[in-house]
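Q: Turn this into a model:
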Amino acid sequence: MSSVQEKLHDLRERNAHINKGGGEDKLRAQHRAGKMTAHERLHLLFDRGFYDELYRFVQHNSTTFGMEGKDLPADGVVSGLGAIGGRLVYASSQDFSVMGGSVGWMHAWKICEMMDMAMKAGAPYIAINDSGGARIQEAVDSLRGYGRIFYYNTLLSGVVPQIAIIAGPCAGGAAYSPALMDFIIMVDKIGQLFIAGPQVIKEATGETISAEELGGALAQATYSGNAHFIARDDADAIEIVQRLLSYLPSNNTEDPPSMATGELTLTEDEALNRVVPDDPREAFDMKEILHRVFDPDSIFEVHAHYARNIIVAFARVNGRVVGVVANQPIEKFGAIDIDASDKASRFIRFCNAFNIPLVSFVDVPGFLPAWSRNSAASSGTARRCSSPSPPPPCRKSPSSCARPTAGPTSRCARRASGPTASPRGRRPRSPSWAPRAR
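A: So this is what the prediction gives:
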């Protein structure tokens, strides 16, 4: 029988082995590529670098295609919980140094356990993605793991905030989970998000395209709108997460964090009278108004690179968090197109789910009169942008989609024409999808 000292020595050796991930050489390769390791990312994410790692000694259970007896430390994903800004948060961080961070059944099981705990505790969940995709040696079990992750994404949607960091490749089935989450942060020149890679595109269409052009941070933030933020590196991505969480409640039963002191300070700003030009055909920068209305340095813009003709952001009014939706006259003269309405409606639905009041700033000539967009804009665009309605049940739990939870306030900066004049300042009366009391 082993002594206590021998058991402690064995435990220390096993912990040291897991901390090395796929080995010293692969960890150095991570650093040469400009990436942190999975453990380093979590140390930087949580307050004072402290977190409790869970399921540390989990191993895969595959026995086929050379997997029997193969050692994969922590099965390629580090999972745990800790505090960010003093509040409980759950997280998982994929380890690219262990078999390329590929997702097997136990790997997926660890991620789902974190998501399940986050839902039960009413705490945000953060996923740091750095994976080559499905572990083909585990075949259908790997795909089953992905399906379970997607299922938990839908369970958490509208219940607790979900944030994804794309800190490396996120290809194939791995790309679906971030797309189901609330916010995506991509590391510039390193993060890649796509369903089919450049080689598949070339085989299918004959088109030659680089991975960066296809699924890089700039492409996903500018053209598809999948990415909400672009980070310079891993450290910058984590800073964005920490700041984002400072505006969000832990779950849909709480109010956003407040910095209000209880004192109301009212000041006159005469410069506001000079921002909007007298000529209605002359554009102006709506951000000048926003920075004068809200608390200093409190505006945190979301989707800054996508559909720039409309602005969505978090801000504070006397210390209290609000969501901001504003037309931007210097981009397409503030006209609403399909991308702008999708961007705004998604943000409005999120604010509604998490009890964040809305403030709208309106200066819009109407819908963009482009022939290629008219047919869709005249119906779908108006419908999506017309009211702060919650999403359908597939994106939110039934309890949170019963009715709008945060009343909107509209401010008309200069004009609102046609169908754009009526929607944003009022609350819908009785949505047809709302659950009825029995």
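Q: Please, where are all the strands along the stretch 251-400 of the chain?
A: For the stretch 251-400 of the chain, the strands defined by DSSP state E, counting those that start in this stretch cover 300-302, 310-317, 320-327, 358-364.
Q: how far out from the middle of the chain is the last one?
A: Which is strand 358-364. 23 Å (C-alpha atoms, centre = their mean, to the nearest Å).
Q: re the thing from before, looking at the strands of the stretch 251-400 of the chain, which is nearest to residue 286?
A: Of all those, strand 320-327 sits nearest to residue 286, with 5.0 Å by C-beta to C-beta. From N, CA and C alone the C-beta is placed, and that goes for glycine too.
Q: Could you list every helix and strand in contact with the closest one?
A: In terms of contacts (3 or more C-beta pairs under 8 Å, 6 or more residues apart in numbering; DSSP states H and E), strand 320-327 is packed against helix 286-293, strand 310-317, helix 338-353, strand 358-364.
Q: let's see it at 10 Å
A: helix 286-293, strand 300-302, strand 310-317, helix 338-353, strand 358-364, strand 408-416 (3 or more C-beta pairs under 10 Å, 6 or more residues apart in numbering; DSSP states H and E).
Q: where does the protein have its least confident helix or strand?
A: helix 382-385 (a mean of 44; mean pLDDT, DSSP states H and E).
Q: the domain parsing of this protein - what is it?
A: Per the record, the chain has its domains at 4-245, 272-421, by automatic domain parsing.
Q: Can you lay out the ones you listed as TSV showing distance to residue 252?
A: Formatted as TSV, the domains of the chain follow (distance: least, C-beta to C-beta, whole Å):
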stretch	distance to residue 252
domain 4-245	6
domain 272-421	5
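Q: Can you check which of the ones you listed gets nearest to residue 261?
A: Between residue 261 and those, the tightest spacing by C-beta to C-beta is seen for domain 272-421, at 6.4 Å.
Q: closest to residue 214 out of the helices and strands packed on strand 320-327?
A: If we rank these by C-beta to C-beta, the stretch that ends up nearest is helix 338-353, at 19.1 Å.
Q: Would you mind confirming that residue 318 is in contact with residue 267?
A: No - in this structure, residue 318 is not within contact of residue 267 by C-beta atoms under 10 Å, at 11.2 Å.
Q: more crowded one of the two?
A: It is residue 318, of residue 318 and residue 267, that has more neighbours when counted by other C-beta atoms under 10 Å, with 15 against 4.
Q: per-residue confidence at that one?
A: Looking at residue 318, its pLDDT stands at 92.
Q: would you list every one of the strands in the stretch 101-250 of the chain?
A: Counting by DSSP E, counting those that start in this stretch, the stretch 101-250 of the chain has these strands, from start to end: 125-131, 162-171, 183-187, 192-194, 229-231.
Q: least reliable of the domains of the chain going by mean pLDDT?
A: Taking the mean pLDDT of these, domain 272-421 comes last: a mean of 77.
Q: From residue 337, how far off is residue 157?
A: 26 Å (C-beta to C-beta, to the nearest Å).
Q: whoops, residue 309 was the one
A: 7 Å.
Q: any common contacting residues for those two?
A: With contacts taken as C-beta atoms under 10 Å, 6 or more residues apart in numbering, residue 309 and residue 337 have 343, 368 as neighbours in common.
Q: Tell me the secondary structure of the closest residue to residue 111 other than its chain neighbours, please.
A: Once flanking residues are discounted, residue 111 sits nearest to residue 92: 4.8 Å by C-beta to C-beta, 6 or more residues apart in numbering. Of the three states, residue 92 takes strand under DSSP: H, G, I helix; E, B strand; the rest coil.
Q: Run through the residues that contact the closest residue to residue 131 other than its chain neighbours.
A: Nearest non-adjacent residue to residue 131, counting by C-beta to C-beta, 6+ apart: residue 101, 3.6 Å away. Residues in contact with residue 101 (C-beta under 10 Å, 6+ apart) are 21-22, 38, 76-77, 93-95, 107, 128-133, 135, 168-170, 174.
Q: switch to 7 Å and redo it
A: By C-beta atoms under 7 Å, 6 or more residues apart in numbering, residue 101 lies in contact with 76, 94-95, 130-132.
Q: got it, and residue 178?
A: Remark: with contacts taken as C-beta under 7 Å, 6+ apart, residue 178 is in contact with 129, 164, 166, 170, 184, 193.
Q: hang on, the fourth one packs against residue 128?
A: If I follow you right, that is residue 170. No - when contacts are counted by C-beta atoms under 7 Å, residue 170 is not listed as touching residue 128 (10.3 Å).
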